[in-house]
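*Asks:* how would this look folded up:
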Amino acid sequence: MTAPLVFFFGRTPELSIVELQEFVSDIESIADGIVMSSHTEISHNGKVITPEELILVLGGTVKIGSIIGTLNDIDAVSLIPLLSPFETKDKWEIAVSGYGCTKSEIQQINHDMKKILLSEGKSVRFVLPQDGSVVSAVAITKNHLSEYSLVKKNDGTFFVVKTEALQPFEFWNKRDYDRPCSDAKSGMLPPKVSRMVVNIALGNDARGKILLDPFCGMGTILGEAMSRGVNTIGVDISAEAIAKAKKNCSWLLHEWSLPTTAQCIVGDATQLSTMKEIQHIDAIATEPYLGTTKLGEGKITDAKRIKDIIKGLEYLYIGCLRDWQGILKPHARVVMAIPSYTIGDRTYAVKKVVDTCENLGYTKLLGPIQYGRPKSIVQRNFYIFERK
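*Replies:* Sure, this is the predicted structure:
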């Protein structure tokens, strides 16, 4: 019997679990930001793939492991026999991370294990956590270590998890920081979050699909959709943004030899049904215009003015959803960020879009799934709609 898999999420666990559910079923939460699944057959584009392959697809999962045993307590004497079948070399080069336990507890178990193994004539090299109780992916990768995690369950016992795959940090850093065009001030979605949104929109089988981003900006969502092997169309009302999106998409195609295409078109997101280039769309993933940057910077505090801005956004989004009926295939998904604003002790939400989606010809499948920095004024609330 194959061991259950454990998935460790990054900074966006709410969005990450929705993404993971497109690929893995029977998910059960075992700790904050950590889930397990006994369903170990993972499907992607019609093929069964390994955890090492899956982590290259996911944006929100930072580590995948398999359960190799349980412990009643953090105990080196009990832990070593669980690790021994996997550490067959004379020298143990490992890292032990802890979830739900302290840095000092992890340091102690490393000390106790090292003492026991040395007494047995083993050679050992343990790398300790530098910050907190978890050894970083950078340290594990660069030191070529085997990693084992102690995950404290709700009943106080611990799963022992052998790491099978780590999110490739250099891959994501390159996609974020090496692309030719970026703008930290624009508040655009980072590549990992864009990949999550794309995966939720496309599902586990993306073969032959076309994804549209009607507010594509500099093309981050387009790039992550291209990496799923689908052809993409990006539209933006700004010619400058479209020029940058073209550069970024061309860079991605060259750097990763992607077998896909990206059309980038200047246009109005509420008038796409009039464009011959945009027909028979399988999925939309987008972060639309979220309102003036002055609002996000806290420069607008007048309640009436904020409500007027929200009314304008509702008018824009409803116009978009109404128009997109003419280009979407039946049952196509729309994954869309809808903002809310926290000014002082009051939160202002763009609600009318969700309340009227049924009348516009959509079914709300899920939402809101919140994404945003803690204490930030603007929060993105992702919704998943399905065209009827």
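*Asks:* from here on, contacts and neighbour counts on C-alpha atoms
*Replies:* Fine.
*Asks:* need the next SSE after the helix or strand of the chain with the lowest mean pLDDT, C-terminal direction.
*Replies:* Least confident helix or strand of the chain, by mean pLDDT, DSSP states H and E, is helix 293-296 with a mean of 85. Counting by DSSP states H and E, the element after helix 293-296 in chain order, helix or strand, is helix 303-324.
*Asks:* in that following helix, what's buried?
*Replies:* Buried residues in helix 303-324, counted by 16 or more other Cα atoms under 10 Å: 306, 309-310, 313-314, 316-324.
*Asks:* what does it contact?
*Replies:* 269-273, 289-291, 295, 300, 348-353, 360-361 (Cα atoms under 8 Å, 6 or more residues apart in numbering).
*Asks:* which among the residues you listed count as buried?
*Replies:* Buried among the contacts of helix 303-324 (16+ other Cα under 10 Å): Ala269, Thr270, Leu272, Ser273, Leu290, Leu295, Val350, Val353, Leu360.
*Asks:* tabulate these (JSON lines), appending secondary structure.
*Replies:* Below are the buried ones among the contacts of helix 303-324 laid out as JSON lines (DSSP: H, G, I helix; E, B strand; the rest coil):
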{"residue": "Ala269", "secondary structure": "coil"}
{"residue": "Thr270", "secondary structure": "coil"}
{"residue": "Leu272", "secondary structure": "helix"}
{"residue": "Ser273", "secondary structure": "helix"}
{"residue": "Leu290", "secondary structure": "coil"}
{"residue": "Leu295", "secondary structure": "helix"}
{"residue": "Val350", "secondary structure": "coil"}
{"residue": "Val353", "secondary structure": "helix"}
{"residue": "Leu360", "secondary structure": "coil"}
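*Asks:* tabulate those (TSV), appending distance to Ile281.
*Replies:* Below are these laid out as TSV (distance: Cα to Cα, whole Å):
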residue	distance to Ile281
Ala269	14
Thr270	15
Leu272	11
Ser273	11
Leu290	23
Leu295	33
Val350	26
Val353	21
Leu360	17
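*Asks:* confidence-wise, which of those comes last?
*Replies:* Comparing pLDDT over the buried ones among the contacts of helix 303-324, the lowest score belongs to Leu295 (86).
*Asks:* pull the contacting residues for that one.
*Replies:* Leu295 neighbours (Cα under 8 Å, 6+ apart): Thr301, Ile306, Ile377.
*Asks:* from Lys329, how far off is it?
*Replies:* Remark: distance between Leu295 and Lys329 (Cα to Cα, to the nearest Å) = 35 Å.
*Asks:* likewise for Phe126?
*Replies:* 54 Å.
*Asks:* okay, now the domains of the chain?
*Replies:* Domains of the chain are assigned by automatic domain parsing as 5-167, 182-387.
*Asks:* closest to Asp176 out of the ones you listed?
*Replies:* For the domains of the chain, proximity to Asp176 was assessed by Cα to Cα; domain 182-387 is nearest, at 6.2 Å.
*Asks:* so how far is the closest one off the chain centroid?
*Replies:* Here domain 182-387 shows a centroid-to-chain-centroid distance of 15 Å under the convention Cα atoms, centre = their mean, to the nearest Å.
*Asks:* make 55 the first number, not 1, from now on.
*Replies:* Okay, using 55 as the starting number, the last item reads as domain 236-441.
*Asks:* what's the angle from the longest strand along the chain to helix 357-378?
*Replies:* Assignment by DSSP state E gives strand 382-397 as the longest strand of the chain. Using axes from the mean of the first three to the mean of the last three Cα atoms, to 10 degrees, the inter-axis angle of strand 382-397 relative to helix 357-378 is 170 degrees.
*Asks:* which elements pack onto the helix or strand hosting Glu294?
*Replies:* Here Glu294 sits within helix 293-310, counting by DSSP H and E. Applying 3 or more Cα pairs under 8 Å, 6 or more residues apart in numbering; DSSP states H and E, one finds that helix 293-310 makes contact with helix 274-280, strand 316-320.
*Asks:* one more time with 10 Å
*Replies:* Applying 3 or more Cα pairs under 10 Å, 6 or more residues apart in numbering; DSSP states H and E, one finds that helix 293-310 contacts helix 223-231, helix 274-280, strand 285-290, strand 316-320.
*Asks:* ranges for the helices of the stretch 155-304 of the chain?
*Replies:* 157-173, 191-196, 223-231, 245-256, 274-280, 293-310 (DSSP state H, counting those that start in this stretch).
*Asks:* tell me which of these sits most buried.
*Replies:* Counting by mean count of other Cα atoms under 10 Å, helix 274-280 has the highest mean neighbour count of those, with a mean of 29.
*Asks:* can you show me the CA trace of that helix as CSV?
*Replies:* Below are the C-alpha coordinates for helix 274-280, written out as CSV (Å, rounded to 0.1, in the frame of the first residue of the first chain):
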residue,chain,number,x,y,z
THR,A,274,1.7,37.3,-15.4
ILE,A,275,-1.4,35.1,-15.6
LEU,A,276,-0.8,34.5,-19.3
GLY,A,277,2.7,33.3,-18.6
GLU,A,278,1.5,30.8,-15.9
ALA,A,279,-1.2,29.5,-18.2
MET,A,280,1.3,29.1,-21.0
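*Asks:* average pLDDT for it, rounded please.
*Replies:* pLDDT averaged over helix 274-280 gives 97.
*Asks:* repeat that for stretch 146-161.
*Replies:* In the prediction, stretch 146-161 has an average pLDDT of 95.
*Asks:* what of stretch 211-222?
*Replies:* Stretch 211-222 comes out at a mean pLDDT of 97.
*Asks:* got the buried residues for it?
*Replies:* Phe212, Phe213, Val214, Val215, Lys216, Thr217, Glu218, Ala219, Leu220, Gln221.
*Asks:* same list (those residues) but as a markdown table, adding distance to Ser97.
*Replies:* Listed next are the buried residues of stretch 211-222 as a markdown table, based on distance: Cα to Cα, whole Å:
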| residue | distance to Ser97 |
| --- | --- |
| Phe212 | 29 |
| Phe213 | 25 |
| Val214 | 25 |
| Val215 | 22 |
| Lys216 | 22 |
| Thr217 | 20 |
| Glu218 | 17 |
| Ala219 | 16 |
| Leu220 | 19 |
| Gln221 | 18 |
